[in-house]
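Engineer: sharing a model that was predicted from the sequence below.
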Amino acid sequence: MITIQGKGVSAGVGVGPLYYYRRATAEIKRYTVEDTDAEWHRFKGAQTGAVEQLGQLAEQARAEAGDEAAMLFETHQMMAEDLDYEDVDYWDELCTIMDYTKENVYSTIHLCWGALAGLYYHFGIPKVHLPEKMFGVFEHRVTRPSNPLVRGFDEVFYAPHSRWAGLDRAAIDACPDLRVLAESDAAGPMLLSTESGRQIFVIGHPEYDKYTLDAEYKRDVKAGKPINVPCNYYPADDPTRDPLFRWRAHGYLLYTNWLNYYVYQDTPYDLNHLEALEK
């Protein structure tokens, strides 16, 4: 017999089946790959399956909620395919939007793949294909503490990453228009900006909720896809334990600083007075 204790919410008597839920236990199996060719084909099969599933979800979202909802799945589909920017179906439309921001928006913040794409389009910074997914919560250090975007930041802070591509650091260092505001030894540059703050690039996910990485990880485990346990996320790297939420304060602070210093304080009241960025 199972005894369940809890707090009553009704003085009445109920008759019927009783259900209770508990956290599922994920079993992580580690093994040595003997046949690398077979493992590669297994990975490519999982990648192809993920792309097809995301395409189906995009069409379902488009039918039920419109194009904007579908774009969420299309973006992840593109990331799974790891396409060159020009091969993305909506690259021309995205370039049109980025051109629009130069003349009509004072400060634009680019996030994750959007940051990689923006750096490539505006400054020619190529992406670098990673041998494995950058996945987990990584330590970063502030490199320009006087910049308003990182005002109030600790010298060292944490931020999540979930991506298959990185940046060419040599190309960033060779670009006089870009400033690296925060970076990680493991994950690379995380926060970049132009000197004016008109264009900001966030290579990571400080906006992630506590369980976003958890959901991504368990989704891939359930689908049989090759995926590592996210770094520095679960206590003792144990996926059965509750993850640590240690980036929330800096995530809030980043976007609060952006809205305050670059959107609220610096945006001209009359956008007709907005000086266009050079094309």
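Structural biologist: Arrived safely, thanks for sending.
Engineer: those strands in the stretch 151-279 of the chain, which residues are they?
Structural biologist: Taking DSSP state E, counting those that start in this stretch as the test, the strands found in the stretch 151-279 of the chain are 156-167, 178-184, 188-194, 199-202.
Engineer: nearest to residue 214, out of those?
Structural biologist: With C-beta to C-beta as the criterion, residue 214 lies closest to strand 156-167 of those, at 10.8 Å. Where C-beta positions appear, they are placed from N, C-alpha and C, glycine not excepted.
Engineer: name the helices or strands packed onto the closest one?
Structural biologist: If contacts are counted by 3 or more C-beta pairs under 8 Å, 6 or more residues apart in numbering; DSSP states H and E, strand 156-167 sits against helix 67-81, helix 113-123, strand 127-142, strand 188-194, helix 212-222, helix 248-257.
Engineer: from residue 262, how far off is residue 250?
Structural biologist: Noted for residue 250: a distance of 17 Å to residue 262, by C-beta to C-beta, to the nearest Å.
Engineer: again, but for residue 242
Structural biologist: According to C-beta to C-beta, residue 242 stands 36 Å off from residue 262.
Engineer: so if I had to pick from the two, which one is more boxed in?
Structural biologist: Between residue 242 and residue 262, counted using other C-beta atoms under 10 Å, the more crowded position is residue 262 (21 against 12).
Engineer: need the contact list for the more buried one.
Structural biologist: Shown in contact with residue 262 (C-beta atoms under 8 Å, 6 or more residues apart in numbering): 106, 107, 148, 149, 197, 198, 200.
Engineer: model confidence at the closest residue to the fifth one other than its chain neighbours, what's the number?
Structural biologist: What that stands for is residue 197. Taking C-beta to C-beta, 6 or more residues apart in numbering as the measure, residue 197 lies nearest to residue 262, with 4.6 Å between them; neighbours along the chain are not counted. Predicted confidence (pLDDT) for residue 262: 92.
Engineer: residue 262 and residue 202, how far apart?
Structural biologist: Relative to residue 202, residue 262 is positioned 13 Å away (criterion: C-beta to C-beta).
Engineer: mind listing the shared neighbours of these two?
Structural biologist: None of the residues lies in contact with both residue 262 and residue 202 under the rule C-beta under 8 Å, 6+ apart.
Engineer: and the residue nearest the centre of this protein?
Structural biologist: With distances taken as C-alpha atoms, centre = their mean, the residue of the chain nearest its centroid is residue 205 (4.0 Å).
Engineer: quick one, what contacts residue 151?
Structural biologist: 257, 261.
Engineer: so, low pLDDT: which residues of the stretch 51-200 of the chain?
Structural biologist: For the stretch 51-200 of the chain, the stretches with pLDDT under 70 are 51-55, 70-83.
Engineer: how close does residue 247 sit to residue 136?
Structural biologist: The value you get for residue 247 to residue 136, if C-beta to C-beta is used, is 11 Å.
Engineer: ok, residue 121 next?
Structural biologist: Taken as C-beta to C-beta, the spacing of residue 121 relative to residue 136 amounts to 28 Å.
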